[in-house]
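Trainee: This is a predicted model, with the sequence first.
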Amino acid sequence: MSKILAANFKTNHTRASTRAYIEALDAHLDASGYKGETYIFPPATALDRFETKADIRIGAQNAYPTVKGSFTGEIGLEQLGEFGIGTILVGHSERRHILGESQAFIAQKYAWFKEQGFTIVYCIGEPLEVREAGDDAVRRYLVDQCEGIDTAYEKLILAYEPVWAIGTGRTATPELIEQTHAVIKRLSDRPLLYGGSVKPQNIADILAVPGCDGALIGTASWDVESMVSMLETAMRDEK
Ligand SMILES: O=C(CO)COP(=O)(O)O
């Protein structure tokens, strides 16, 4: 099975640069015959319908669990539906620790978008102080982050993103990824991505880790040539 690579643009790119990025990515993937699923999560302002030859799926980084309504600053199903969006990130550590989303609200959002039939990339991962408290503390933390979450949902893709590896350049070692993914695989048999300072220089080792089904990439995905390089590594490893 092909590895799943997903790009989280976070607060980067515009409508114009996102379109140029996706057109360039599609040209590369179509030419290479890559059959894997590639997900792109652009900022909400750049959501659109993109006709691609390759299997490139556009997802929302966030949305409110509603069709429409009075939730100032939020978008709902009506806005996502305009662009045919059926994929969403839920539980990203930046939504938890910067934007203050509680596990209860995250679980509510998860259940709602599950009801709408969305593909959900559900993110879990511990902060440094939990990692430093030991394996049992990490396991308990990850279990708590699955509170209220249907981990058997057929359109769930899990992503393990240790907070201390996100945006820091400090990638988890292959050994630690394997050990932690084994813990998470006991919670769910759904595809499990790793995220946290993935880049062209380390993605081959990460994708080779048993129990790692792909990668959720931030910084190194924002440049299309860097993303293409990582996809080419994934293709090479596939053969
Ligand atoms: O948060 C991430 C992807 O969702 C990871 O970000 P970086 O790749 O920049 O560490």
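Mentor: Thanks, I have the structure now.
Trainee: centre of the chain versus stretch 24-44, how much separation?
Mentor: Distance, stretch centre to chain centre, for stretch 24-44: 15 Å (CA atoms, centre = their mean, to the nearest Å).
Trainee: Using CSV, write out every CA atom in that stretch.
Mentor: Extracted in CSV, the C-alpha atoms of stretch 24-44 (Å, rounded to 0.1, in the frame of the first residue of the first chain):
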residue,chain,number,x,y,z
ALA,A,24,3.0,22.0,-10.3
LEU,A,25,2.5,19.0,-7.9
ASP,A,26,-0.1,17.5,-10.1
ALA,A,27,2.2,17.8,-13.2
HIS,A,28,5.0,15.9,-11.3
LEU,A,29,2.8,13.2,-9.9
ASP,A,30,0.9,12.6,-13.1
ALA,A,31,4.2,12.3,-15.0
SER,A,32,5.6,9.9,-12.4
GLY,A,33,2.4,7.8,-12.3
TYR,A,34,2.3,8.0,-8.5
LYS,A,35,-0.8,6.2,-7.3
GLY,A,36,-0.6,7.1,-3.6
GLU,A,37,-3.1,9.5,-1.8
THR,A,38,-1.7,13.0,-1.4
TYR,A,39,-3.5,15.5,0.9
ILE,A,40,-3.1,19.2,0.8
PHE,A,41,-4.5,21.3,3.7
PRO,A,42,-4.3,25.0,2.5
PRO,A,43,-5.5,28.0,4.5
ALA,A,44,-9.3,28.4,4.3
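Trainee: List the buried residues of that stretch.
Mentor: Buried residues in stretch 24-44, counting neighbours by 16 or more other CB atoms under 10 Å, are found at 25-26, 28-29, 34, 36-44. C-beta: built from backbone N, CA, C; applies to glycine.
Trainee: go on, stretch 162-176?
Mentor: 162-166, 171-172, 174, 176.
Trainee: Quick check: of those, which lies closest to the ligand?
Mentor: Closest approach to the ligand among the buried residues of stretch 162-176 (CB to the nearest ligand atom): Ile166, at 4.3 Å.
Trainee: coming back round to it: identify the farthest-apart pair in the buried residues of stretch 162-176.
Mentor: Greatest spacing in the buried residues of stretch 162-176, by CB to CB: Val163 and Pro174 (19.0 Å).
Trainee: Point me to the residue sitting closest to the centre of the chain.
Mentor: Leu216 (4.4 Å; CA atoms, centre = their mean).
Trainee: looking at this, that residue is in a helix?
Mentor: No: assigned with DSSP: H, G, I helix; E, B strand; the rest coil, Leu216 falls outside any helix and is strand.
Trainee: who touches the residue nearest to it when sequence neighbours are not counted in this structure?
Mentor: In space, and not counting its chain neighbours, Leu216 is closest to Gly195: 3.5 Å by CB to CB, 6 or more residues apart in numbering. Residues counted as contacts of Gly195 (CB atoms under 8 Å, 6 or more residues apart in numbering) are 8, 123, 125, 159-161, 165-166, 215-218.
Trainee: could you give the mean pLDDT of the longest helix along the chain?
Mentor: Among the segments of the chain that qualify as a helix by DSSP state H, the longest is helix 15-32. Average pLDDT, helix 15-32: 97.
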